[in-house]
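**Q** The sequence and its predicted three-dimensional model are supplied below.
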Amino acid sequence: MSESAPKDRILVVDDEPDIVALVAYHLAKAGYRVATAASGAEALAAARRERPALIVLDLMLPGLSGFEVLEQLHADASTASIAVLMLTARKEEPDRIKGLSLGADDYLTKPFSPQELVLRVRAILRRSAASPAAGDLLTVGTLTIDRAAHTVTVHGANVELTPTEYKLLLLLAERRGRVQGRAQLLEAVWEAAPDIQTRTVDMHVQRLRAKLATAGDLIETVRGFGYRLTAPRNP
């Protein structure tokens, strides 16, 4: 029996037909419904039309680059919460950091293992679908997290987060006051080995703070250790 639900549609964006066919085959075999696009413009149109759960997005595309597609996805309220796994032949750290800073949930370089790609897709979607038993509101200062609806508000205004950003914030909020090391966060949020890509955590925290605006100050950096979310101090 497939571990994915019928509603899990994946959009695969790449201008290399062989790559598209390989990725689509393995995702379909894992039980996902797959749509494809070969350019940045096609990707944006398909994202708005299909509303996929996740986009596997190549970096080097004709017309709009993967970075530009990612920026436009997150600038549009109708697509801002779609998860994104960047898939690219560019292995340089600045490219990886840029993709993560723009809101990508994960980053996989070519050549890649199709099995690893499916596992990463599954992990991202689990982060999106995971819901704690307690379906109540969690409030810290002006920040409110509705764990049943998977929504976040600041001063009553909705904040659009990616699945990974949401899980990161929820974990920090549920463990508020306690320092969470980067390795701990990688294991808990990304389900990754604790010795890889700790910069991933830093980039997501930076983006999360920006999205939370004034409530972003609730996330403190504990130098040499990691991060913690604390209640605002009374004046």
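**A** That came in fine, so what should we check first?
**Q** Surely Thr144 forms part of a helix?
**A** No - assessed with DSSP: H, G, I helix; E, B strand; the rest coil, Thr144 is strand; it does not lie in a helix.
**Q** Val159 is in contact with Thr214, correct?
**A** No - the pair Thr214 and Val159 fails to qualify as a contact (CB atoms under 8 Å) at a distance of 11.3 Å. Every residue, glycine included, has its C-beta placed from N, CA and C.
**Q** Show residues contacting the biggest helix by length in the chain.
**A** Ordering each helix of the chain by length in residues (DSSP state H) puts helix 114-129 first. Among residues not part of helix 114-129, those counted as contacts by CB atoms under 8 Å, 6 or more residues apart in numbering are 3-4, 8, 10, 22-23, 25-27, 30, 32, 53-54, 56, 83, 85, 87, 105-106, 108, 150, 163-164, 166-167, 189-191.
**Q** helix or strand right after it?
**A** The helix or strand immediately downstream of helix 114-129 is strand 137-140, counting by DSSP states H and E.
**Q** That following strand: how far from the chain's middle?
**A** Centre-to-centre, strand 137-140 and its host chain are 22 Å apart (CA atoms, centre = their mean, to the nearest Å).
**Q** Mean confidence (pLDDT) on it, please.
**A** For strand 137-140, mean pLDDT rounds to 86.
**Q** May I have the strands that pair with it, each with its orientation?
**A** Sheet pairing of strand 137-140 (DSSP bridges) gives strand 143-146 (antiparallel).
**Q** And the strand it pairs with, what's buried?
**A** 143-145 (16 or more other CB atoms under 10 Å).
**Q** Output the below-cut-off pLDDT ranges for this protein.
**A** 1-7, 90-93, 128-135, 192-197, 233-235 (pLDDT under 70).
**Q** Please, where are all the strands along it?
**A** Secondary structure of the chain (DSSP state E): strands at 9-13, 33-37, 54-58, 83-88, 106-109, 137-140, 143-146, 151-154, 157-159, 180-181, 219-222, 226-229.
**Q** Give me the contacts around stretch 215-235.
**A** Outside of stretch 215-235, the residues within contact range by CB under 8 Å, 6+ apart are 140-143, 154-155, 169, 172-173, 175-182, 184-185, 201, 205, 208-210, 212.
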